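Asker: Show me how the following folds:
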Amino acid sequence: MWLTPDWPAPASVVALSTTRSGFAGFKGASTGPYEGFNLGDHVADSPAAVAENRRQLVAQCQGLDHIGWLNQVHGTDVATLTSQSPLDAVNADASIASRPGLGCGVLTADCVPVLFCRRDGSQVAAAHAGWRGLCAGVLANTVSAFHCPSSELLAWIGPAISQTHFEVGGEVYEAFQAGFAGPAPAEIHAAFCPAANKAGHYHADLYALTKAQLHALGVGWVGGAQRCTFAETDAFYSFRRDGVTGRQLSLVYIKS
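Answerer: Residues are numbered from 1 along each chain as shown. Coordinates of the predicted model:
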């Protein structure tokens, strides 16, 4: 079954992160390296299997009419969803909506998904934060897209790769030290642990970096799953672990 945030959102807002095991009564149509409930249509899985998985998801979610699927490019653009027409061709790494029944979703297999909503339930958003997008400001752009005080926002961090399994080169550490807006340099430094026996490499804590920036942006409530996509083989797809694999979806919407 999927994960649901423990956030103080109104009952009209539904949020979840899927797992590769699907849900009760449907374990997913995908096979091979995508086995289970793969929702990514860009990973060479059977188009028919992905379409069936997506159809089953929408059917299972009460009050959901359509999901705005994005073409994620590790950037910082935020798409505003204003209709129920497909948005597959839009290059963006976040989306925001106020129309009931229209879902904001991001696909991940190690990157950080962040779901947002206003405390009054009038707007929702989803952001995909790989290290590049996170460092470049995708979360700041998503918060700005709400056009309200950030203290009115709730943010939930979904499953992503943990620090233990996310080894990066020195250029990633340097990029965050040079251009990561908001958190103090000491907070950024603390999120990078030098890799044992590998000079110039680090284990990066994307969850800590995400949380620190959300707090620096003044988001009123921040929480998260703290689930590792790499370590939990049966629950999640992981690109770092498997290479060829599927994608899980983190989704938020206002019920129609």
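
Asker: Over to Ser144. Which of the three states is it?
Answerer: Classification of Ser144 using DSSP: H, G, I helix; E, B strand; the rest coil returns helix.

Asker: What about it, how many residues nearby?
Answerer: When neighbours are counted by other CB atoms under 10 Å, Ser144 registers 13. For the C-beta atoms, the positions are set from N, CA and C on the backbone; glycine is no exception.

Asker: so how far is Met1 from it?
Answerer: 34 Å (CB to CB, to the nearest Å).

Asker: again, but for Tyr34
Answerer: In terms of CB to CB, Tyr34 sits 19 Å off from Met1.

Asker: of these two, who's got more company?
Answerer: Tyr34 (26 against 10).

Asker: give me every residue that touches the more buried one.
Answerer: Residues counted as contacts of Tyr34 (CB atoms under 8 Å, 6 or more residues apart in numbering) are 43, 45-46, 49, 237, 245-246.

Asker: Now do the same contact list for the spatially closest residue to Arg241 that is not a sequence neighbour.
Answerer: Leaving aside its sequence neighbours, Arg241 sits nearest to Phe230 (CB to CB, 6 or more residues apart in numbering; 4.9 Å). Phe230 sits next to 110, 161-162, 165-166, 236, 238, 240-241 when contact means CB under 8 Å, 6+ apart.

Asker: among those residues, which are in helices?
Answerer: 240-241 (DSSP state H).

Asker: In the contacts of Phe230, find the pair that's most separated.
Answerer: Across the contacts of Phe230, the longest distance by CB to CB is 13.9 Å; it joins Phe166 and Phe236.
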